[in-house]
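> what would the 3D arrangement of this be:
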Amino acid sequence: MTAPTQTPWPFHTVLVANRGEIAVRVLRTVQKLGLKGAVVYHAADRGTLAVKMADVAIEISGSTPVASYLDGAQIIAAATSCGAGAIHPGYGFLSENKGFCEAVEAAGIRFIGPTPQQIDLMGDKVRARNFVEKAGFPVAPSAIED
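Modelled structure (predicted):
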């Protein structure tokens, strides 16, 4: 077994919790950064490019592929089993899920994305608009009363 390559990152493996083109793009970037890329996959996705190019691929299960990819507990368990120090949620539902982000952090894994507080703020468009306006950024006129 070889020692992990030295990187400026505080982890050596990133688990990508997504599928398809998003997983491929994130994996390419992770590997260009000198990190190992891991993916989770449903049996229906076994032969996909993301599974083939990942350094580690962990099968997850569920009644449908979508259900398995949204199962945060399975994804965190997969990350733990392969020694991933970080999870990239992709750009779908998990990236907007405050509870998933909190669970990842509680498991001692870094969440590559917004903080739980930022997810909460951005989930309320009026609060988010008011926040950026108060920070001095221009905002478009709104039909919503503040």
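> the biggest helix by length in the chain: what's the following helix or strand?
Across the chain, the helix with the greatest residue count (assigned by DSSP state H) is helix 20-32. Sequence-wise, the next helix or strand downstream of helix 20-32 (DSSP states H and E) is strand 36-41.
> would you put the C-alpha positions of that next one in CSV?
The C-alpha trace of strand 36-41 is given here as CSV (Å, rounded to 0.1, in the frame of the first residue of the first chain):
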residue,chain,number,x,y,z
LYS,A,36,-8.9,10.3,-4.6
GLY,A,37,-12.5,10.4,-6.0
ALA,A,38,-15.1,8.1,-4.6
VAL,A,39,-18.7,7.7,-5.8
VAL,A,40,-21.8,6.0,-4.6
TYR,A,41,-23.9,4.2,-7.2
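> what's the local residue count around Ala128?
Per other CB atoms under 10 Å, the neighbour tally for Ala128 reads 15. Every residue, glycine included, has its C-beta placed from N, CA and C.
> which non-adjacent residue is nearest it?
Sequence neighbours aside, Met122 is the residue nearest to Ala128 in space, at 5.1 Å (criterion: CB to CB, 6 or more residues apart in numbering).
> where does the protein dip in pLDDT?
Using pLDDT under 70 as the threshold, the predicted model of the chain has low-confidence ranges 1-7, 143-146.
> I am finished for the moment; much appreciated.
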